[in-house]
Every structure is written in C-alpha cells, then in structure tokens.
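[1] the sequence and its predicted three-dimensional model are supplied below.
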Amino acid sequence: MPALTLADVVKIYAGDAVLKGASFAVPAGALCAVTGPAGAGASTLLRLIAGVERPTSGEIAIGETPLRSFGTAAPGLAAMVAPDRLRPRANLYANVVRGLPRFGAEGRATETRALALADALGLGPLLARRARDVSTSARALAALAQALARRPGAIVVDGVFAALGFEDRARAVRTLRSHLAETGAVAVVAARPGDDLLRTADLQVALDTGEVLQVGAPDELYRRPANVRVARLTGPAGMNVLPVRANQTGLSLEDGTWLGAASVMTAKTHGLLGVRPERLFPIGEGLPPENGARLPVDVTAVSRLGGETWIEGLVGGVPVAARFGAAAPDDLAPGARLILGAERRDLHMFDAVTEDRV
C-alpha cells in the first residue's frame, strides 16, 4: 500500500492555480524527488504534504490517514526539515529532541535515537553548541536529525540539501535512506533538474506550471520523457530539441541542413527531434550511425573542467549543446565546425504540435 497518496490536489492563491490537480503515490520506504523550474509549484506541493498549508481541493493521505492541516492532522504524520525553526539560543541536542519524550524508557529511547542520528550526520562534537553559533550546514543537518527523530510517516525536504557541501550532502542522503529503510516512512525532496540527488531517488515527479507532467523512476523519465517539457527537465543537462522535416533522404531542418537517416522515427512530415548533450560524440566528416543523427555544429563557446568539455553552438541556426569526456578534440575553439553523431537508441521524437512523445 502507498505510504503517501495525492489525489487531484489543487492549490489556488488569489485566484491563480499554483497546483492543478496533482495526483501520484509514493510507496513505503521510497525517496521521491520533485523537480521543476522556478515557479513550478514544488515548494507549495511540499508545504501541503507537510501539513503547513491546506489544499484548496483534493486529498493527501499518509498511509490510510487523510492529512488535514492547521492543527487537525494526526500528530506525527509529516515533518518538514526546517533549519529556520531551530531555537537559536538552544544547543543542537535540545533542538533535535525538542517536543519528544525526555523521561523514562521512552525518553531513554529518544536519547539513544537522537545521539545515533547525530553521529550518523557528523554532529556529535557540535551537540553542546548553540544553534546560532554553528554553520549553515550544521543547522541544516540538525534540522534533518530533528525531523527523523520524530519518526513521522513522511519527511519533507525543501532546499536544505542545497546548503550542504559534498561530504555533508552524501552523509545526509545516506542517513535519510537508512531511516526510510528502517521505518517504512517516505521522503519527498525538492530537487533541481540535473541534481545528483536523482541518482539515489526511487521516484521522480516532473512538475511545471503547477502540473504533474510525468511520474516514474528517474531513469525512466530520462530514457522515455513523455513530452518536450519533461525532456528538458530531466537528465544532467536537459535535452536539445530541433524542429525537423522528414523526407526520403532522412531528417533535415527547415533551412535544408541534413541531420541523418532517422526519419524512420516518424511517419509525419514535421516533428521535434530530441537528443541529450551527453549522448553526442564527434564523428569527423563521416556518416552518422545507422538510422542515427548527424549534427553539423558551428561552435560558439567551449568550456573545460577536468576531463569534461562543454560545447555550445548552432545547427542551422538552432542552438544545441554537447558534453564530452576524453573524446573532445583538444584544439576545439569557437568558430570551428564540428560534426557530431548520435546513435538511434539515443534519439527521441516528439509531435511538432502537441510536443508529446511519438
């Protein structure tokens, strides 16, 4: 049975629908990442799940219990990780156990759990220090420990992981995953498109302008995005989308630029061809892979970091980006012409009108 269910949830502010009938379910023990651009409605969605705000219509349930906000929810249903709600003059330990039993057998269990969480999150040496005297990262980790110590059915995280460095972030995700496996609770986390958090998420909700566009495993959304909007919201660098015309020789742009023999992907004259930047590779002047694509790129920008090269350019006037590892030419510079290829399995075709996957 799902541990968290949303059914046709709507939220309206001052006549504007910020959420438009959100519906999805998260199984017990799962980590769900909500992704979308700024203004997509992710923060509103998370506040509703946490019980901080009330939906205009629809229902949210944790387990079999409908969630009602403003003091009418069953206690312990959901907890939002909120560093700004820590008491600044109290030490971290007092903040972590605030509101929990402190005496008797239950109090001892609380203390044991709080200390174990603090150790797992690297907070042990800081527990005696006041919240206002520690770093932003330490406050974020203390807020996570506070939420986990309460053992709610759902843990809601909005923006907290962005404040953490690599080591603290990895420690926080590891501790959260361990907690979910132990308790069967769910976690709903706001994540940026391309966020490395998606590597560990069980479920991804792609959200834009208040609409749930697609729900599934992150790899499913990466490999088979339902439409152009999902394609651009998924993967480490979104997706290149080129308007194409199909004919007997393959695909071409409106200016006649030939893109290869991938016209087998559509029976329509017009379409939108998608390919992710990390799936492109140099092919010199050769032909594209069988039924694959060939993109002649006029390079406008090149940036390198470590073993990775990022290229921006134009294909027949259409902006594209590519991301390479060691295969990138060392002498590549703006102004060059670079022929890139893509395998058939890495190409996506969308309807030119609806932008839905073909």
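    On my side now, so go ahead.
[2] could you measure the nearest residue to residue 238 once chain neighbours are set aside against residue 19, distance?
    In space, and not counting its chain neighbours, residue 238 is closest to residue 232: 4.6 Å by CB to CB, 6 or more residues apart in numbering. (Glycine included, C-beta is placed from N, CA and C.) From residue 232 across to residue 19, the span is 20 Å (CB to CB, to the nearest Å).
[3] of those two, who's got more company?
    Neighbours per residue (other CB atoms under 10 Å) separate residue 232 from residue 19, with residue 19 holding more: 27 against 19.
[4] just to check, residue 114 is in contact with residue 96?
    Yes - the pair residue 114 and residue 96 qualifies as a contact (CB atoms under 8 Å) at a distance of 4.9 Å.
[5] spit out the residues that contact the two alike.
    Overlap between the neighbourhoods of residue 114 and residue 96 consists of 145, 149, taking contacts as CB atoms under 8 Å, 6 or more residues apart in numbering.
[6] more neighbours: the two, which one.
    Just comparing residue 114 and residue 96: by other CB under 10 Å the higher neighbour count belongs to residue 96, 30 against 22.
[7] low-confidence stretches in the stretch 201-350 of the chain?
    Counting by pLDDT under 70, the stretch 201-350 of the chain contains low-confidence ranges at 262-265, 326-328.
[8] so what's the residue nearest to residue 109 when sequence neighbours are not counted up against?
    In space, and not counting its chain neighbours, residue 109 is closest to residue 101: 8.0 Å by CB to CB, 6+ apart. Counting by CB under 8 Å, 6+ apart, residue 101 makes contact with 107, 109, 110.
[9] quick check, nearest of those to residue 188?
    residue 110 (24.5 Å; CB to CB).
[10] phi and psi next, for that closest one.
    Here is the backbone geometry of residue 110 (degrees, to the nearest 10): phi -60, psi -50.
[11] make sure residue 150 is actually in contact with residue 97.
    No - Residue 150 is beyond contact range of residue 97, at 9.5 Å (criterion: CB under 8 Å).
[12] now do the end-to-end distance for stretch 267-286.
    For stretch 267-286, the separation between the terminal residues is 26 Å (CA to CA, to the nearest Å).
[13] tell me the bridge partners for the nearest residue to residue 224 once chain neighbours are set aside.
    On the basis of CB to CB, 6+ apart, the spatially nearest residue to residue 224 that is not a chain neighbour turns out to be residue 357, at 6.9 Å. Counting by DSSP bridges, residue 357 is bridged to residue 350.
[14] for residue 146, identify the helix or strand it belongs to.
    Residue 146 is part of helix 136-149, with elements assigned from DSSP states H and E.
[15] what about that helix, distance to the chain center?
    Remark: helix 136-149 is offset 21 Å from the chain centroid, using CA atoms, centre = their mean, to the nearest Å.
[16] which elements pack onto it?
    If you count contacts as 3 or more CB pairs under 8 Å, 6 or more residues apart in numbering; DSSP states H and E, helix 136-149 packs onto strand 78-81, helix 92-96, helix 104-120, strand 154-157, helix 166-183.
[17] try it again with 6 Å
    The elements that helix 136-149 packs onto, with contact taken as 3 or more CB pairs under 6 Å, 6 or more residues apart in numbering; DSSP states H and E, are strand 78-81, helix 92-96, helix 104-120, helix 166-183.
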